[in-house]
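Asker: Model the following, please.
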Amino acid sequence: MLSVKETLGAGACIVNGGVTNGRAGRARWASAVLAALGLLAGACGTGPGTGTPTRTVTGTVTVPQSSPAATSPTPSATTTGGSLVAGRYQPLWPFADEKQARDWQESYRSGGHQPWHLDAERTALSFTQGFLGFTGVDQVVKRTVTGADARVSVGTRGEGGGRPGIAAVIHLVRFGAGPDAPWEVVGTDDTTFSLTTPGYGAVVSSPVRVGGRITGVDESIRVDVRAPGSARPLGERCCVAAGGDGVPWSATVTFRAAPGRTLTLVASTGGHVAKVERFAVTGVRVAR
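Answerer: All right, here's what the predicted structure looks like:
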């Protein structure tokens, strides 16, 4: 009987020998074992495909801190619970969970209700102006859509009719299934102004410490805690002085929110040519 190889982990293998009766059987068994060990020596080596095993995780997402712009949130091992978008992103706006997104789909199919949910640009501007209250950020500077994933750069009008300045790069993902799945805001990409603490998808309680990095001169940072359905911030802190080249900033914010609720932490700065010139958001959940 030939041996059976079982993979234990990176570079670790075991051999389970079979049982064969008789001298001739033992001789054949020994030859088979030697041949099998030769194969295993190659299989348990350090070539491509060996090393630390890849783990599949669900839940929290983190943002790699590359500079000047970080990539979009990717899964990490600390996200808990909730109705995630595409199984990995925090639903920030306009839908609080997948059921709300499905309810809209049904109303759209039956009566064409609120078709703007199918437009990534309009959704990004509605999030910026309506949900965040940044009415001066009214320009779509750039749009990139790849399948069910979109990045929309929003900004303010340039001085004297010049090129608009980018305030934030908003990340949107289709929420649900079908060609009429609506767009959902799930975060922003890091630029010269980032919000990296707490981590994306982290479980938080009040007060929460918020922070990141900023490049600029004489900056004044405001932090708000927001949630869908609330006209006013659930918590706010103003103003944090900052400035320099990629220097850290931080603030502590007190808020009141129901346990398990998804919140949007918003950091904004401006005052040079517009009230809000740059902003960044991240999604977290309130501890139960």
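
Asker: which intervals of this protein have sub-threshold pLDDT?
Answerer: 1-82 (pLDDT under 70).

Asker: Can you say which helix or strand has residue 105 in it?
Answerer: helix 98-111 (DSSP states H and E).

Asker: in that helix, what counts as buried?
Answerer: 98, 100-102, 104-105, 108 (16 or more other Cβ atoms under 10 Å). Every residue, glycine included, has its C-beta placed from N, CA and C.

Asker: could those go into a markdown table alongside distance to residue 130?
Answerer: Below are those laid out as a markdown table (distance: Cβ to Cβ, whole Å):
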| residue | distance to residue 130 |
| --- | --- |
| 98 | 22 |
| 100 | 16 |
| 101 | 18 |
| 102 | 22 |
| 104 | 16 |
| 105 | 21 |
| 108 | 19 |
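
Asker: Sort out which one of these lies nearest residue 224 for me.
Answerer: Of all the buried residues of helix 98-111, residue 224 sits closest to residue 100, with 22.3 Å by Cβ to Cβ.

Asker: that older thread, could you give the separation of the next helix or strand after the helix holding residue 105 from the chain centroid?
Answerer: Per DSSP H and E, the first helix or strand lying C-terminal to helix 98-111 is helix 120-126. Chain-centre distance of helix 120-126: 18 Å, with Cα atoms, centre = their mean, to the nearest Å.

Asker: Look up the closest residue to residue 238, ignoring the ones flanking it.
Answerer: residue 222 (4.3 Å; Cβ to Cβ, 6 or more residues apart in numbering).

Asker: Run the chain-centre distance for stretch 212-226.
Answerer: With Cα atoms, centre = their mean, you get 20 Å for stretch 212-226.

Asker: Show me which residues of it are buried.
Answerer: 212-216, 219-226.

Asker: Filter these down to the ones in strands?
Answerer: Judged by DSSP state E, strands contain the following of the buried residues of stretch 212-226: 212-216, 219-226.

Asker: rewinding a little: let me know the closest of the buried residues of helix 98-111 to residue 144.
Answerer: Distances from residue 144 to the buried residues of helix 98-111, taken by Cβ to Cβ, are shortest for residue 101, at 22.2 Å.

Asker: contacting residues for the closest one?
Answerer: The contact partners of residue 101, taken as Cβ atoms under 8 Å, 6 or more residues apart in numbering, are 95, 175-176, 181-182, 184.

Asker: Try it again at 6 Å.
Answerer: Residues near residue 101 by Cβ atoms under 6 Å, 6 or more residues apart in numbering: 95, 175-176, 182.

Asker: want to try JSON lines for those, with neighbour count as columns?
Answerer: Listed next are these as JSON lines, based on neighbours: other Cβ atoms under 10 Å:
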{"residue": "95", "neighbour count": "23"}
{"residue": "175", "neighbour count": "28"}
{"residue": "176", "neighbour count": "19"}
{"residue": "182", "neighbour count": "25"}
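
Asker: With secondary structure added, can I get those residues in TSV?
Answerer: Converted to TSV, the contacts of residue 101 look like this (DSSP: H, G, I helix; E, B strand; the rest coil):
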residue	secondary structure
95	coil
175	coil
176	coil
182	coil
